[in-house]
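Trainee: Sequence first, predicted coordinates after that:
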Amino acid sequence: EVQDPTKKVLDALLRSGPAAQEQVLLWFGAVITGSEARTKEANILGQGHPARFLQQLNSPMFTVDMMLQHQLMQAHMTGFATPGLALNVAWCLMRLMVPIKKPEQIAALDPYYILREGDPHAGVLGGFLSEARFGDSDEVDAAKSTVRAQGILSSDPKFNTQMFWLALRSMHVLLAPALQESFGMAAGAGHASDPSKRQGALCELVLQQAILQSSDFLSGLAHVLNIAISFCLSAAHPSRAAEFAEGKVTSSLLVEGVSTQWKVLPACILDDIIDILDYYKKVPPITQTPCKLFTQLKLNMVVFLVTFILGAGNHVKNPSLRGKAVGILVSLVKEREHALLLETSPVMAQDIVPG
């Protein structure tokens, strides 16, 4: 009831011309930038760790309501979006991403957009400009010089690219902290020592899942994740962007050389994708029905991404991320339809042992 009228207004604005499109982009960028403090542990319930959340909840000094009230005070003082607003803004961006679905549109998304500076790009990219990249600072500076010398940044960026980078930022700033808190609520609902506190955590988890497990929300999230996975693999293998956009991958994903497109990407993009998959694998719907996210994801692309993370040591150096990738792979193997994909994929046959 909220999303449909909002999308109609935004669609009308986006159709009215470049000036209005830019203002829409900048509004979303400003909301996300204003909420970047949400990614700090101090502003996430339980500092983003389920065990720590449970420890705090079991303290005589805390209840779920008290923790939520404290968070609301932090939001007022710091200016970041409350979890409800954050999720609804992220959801809105997911819905605006729906028209980007043709393989040629996905293959055309530009990883070098992160190198753009000045207005309006700084407003769209916000804190991503200062995020750690897959390459070190010297490699990023060298890539920036090369790209500028080639004139790649001289033409105006495509609107689809700008919208996609906003969607990536929304996953990092608006969605990921909410999922970390939902992890904590699930731990509290199952393991809090006080029955009243278990009930309080369960009630909050129900409210969270009203959005997080909504069919429309999951449909939009799956669409953005499918595009983001293709985008990441394409950045690592620029000459195969069309192949990844179509989801038709038949040859090895493991390469020694690291492309400039990969080096300039914020490393948090991959962390966010894996953390989202990890959440939806570990926190099932309270209705005890299968999670609809995995029925809408291109699971072959998920498997390819996980294989790449495990095997491409020159590209992915974060051991924690690789550990989470192993967990996702193991969870997929346990389900028959996914295990069949792993057993029959020629890419897996080539890459899983080196990975």
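Mentor: Thanks, I have the structure now. Numbering: from 1, shown residues only.

Trainee: Poorly predicted segments of this structure, please.
Mentor: The chain contains residues with pLDDT under 70 at 1, 353-355.

Trainee: tell me the strands in it, going along the chain?
Mentor: Using DSSP state E, no strands are found in the chain.

Trainee: any idea which helix is longest in it?
Mentor: Ranked by residue count, the top helix of the chain under DSSP state H comes out as helix 215-236.

Trainee: and that one, which residues are buried?
Mentor: Buried residues in helix 215-236, counted by 16 or more other CB atoms under 10 Å: 217-236. The way it works is simple: take the backbone N, C-alpha and C, and place the C-beta from them, glycine included.

Trainee: What of stretch 110-126?
Mentor: The neighbour-count check on stretch 110-126 (16+ other CB under 10 Å) flags 110-116, 120-121, 123-126 as buried.

Trainee: Next step: the residues you listed restricted to helices.
Mentor: Those of the buried residues of stretch 110-126 mapping onto helices are His121, Gly123, Val124, Leu125, per DSSP H.

Trainee: And the residue nearest to Asn58 when sequence neighbours are not counted, how far from Leu205?
Mentor: Take Asn58 and drop its neighbours on the chain: the residue closest to it by CB to CB, 6 or more residues apart in numbering is Ser193, 5.0 Å away. Per CB to CB, to the nearest Å, Ser193 is found 17 Å from Leu205.

Trainee: for Ala19, same thing?
Mentor: From Ala19 to Leu205 the distance is 43 Å (CB to CB).

Trainee: quick one, which of these two is more surrounded?
Mentor: Higher neighbour count among Ala19 and Leu205: Leu205, with 24 against 8, using other CB atoms under 10 Å.

Trainee: now the residue lying closest to the more buried one once chain neighbours are set aside: how far from Leu26?
Mentor: Spatial nearest neighbour of Leu205, chain neighbours left out: Met185 (4.2 Å); criterion: CB to CB, 6+ apart. Distance, Met185 to Leu26, by CB to CB: 33 Å.

Trainee: Can you show me the helices along the stretch 101-250 of the chain?
Mentor: 103-107, 121-125, 137-149, 159-170, 176-191, 195-212, 215-236, 241-246 (DSSP state H, counting those that start in this stretch).

Trainee: Can you give the distance from stretch 144-158 to the centre of its chain?
Mentor: Put simply, stretch 144-158 sits 26 Å off its chain's centre (CA atoms, centre = their mean, to the nearest Å).

Trainee: Can you mark which positions in it are buried?
Mentor: Residues of stretch 144-158 classed as buried: Lys144, Val147, Leu153, Pro157 (neighbour count, 16+ other CB under 10 Å).

Trainee: nearest spatial neighbour of the first one, skipping sequence neighbours?
Mentor: Here the nearest residue to Lys144 in space, its sequence neighbours aside, is Leu115; by CB to CB, 6+ apart that works out to 5.1 Å.

Trainee: swap in the second one?
Mentor: The spatially closest residue to Val147, leaving aside those adjacent along the chain, is Tyr112, at 5.4 Å (CB to CB, 6+ apart).

Trainee: List the buried residues for stretch 280-296?
Mentor: Neighbour counts over stretch 280-296 (16+ other CB under 10 Å) mark Tyr280, Lys281, Val283, Cys291, Lys292, Leu293, Phe294, Gln296 as buried.

Trainee: What lies in contact with that stretch?
Mentor: With contacts defined as CB atoms under 8 Å, 6 or more residues apart in numbering, stretch 280-296 is touched by 182-183, 186, 202, 205-206, 209, 213, 215, 218-219, 221-223, 327-328, 331.
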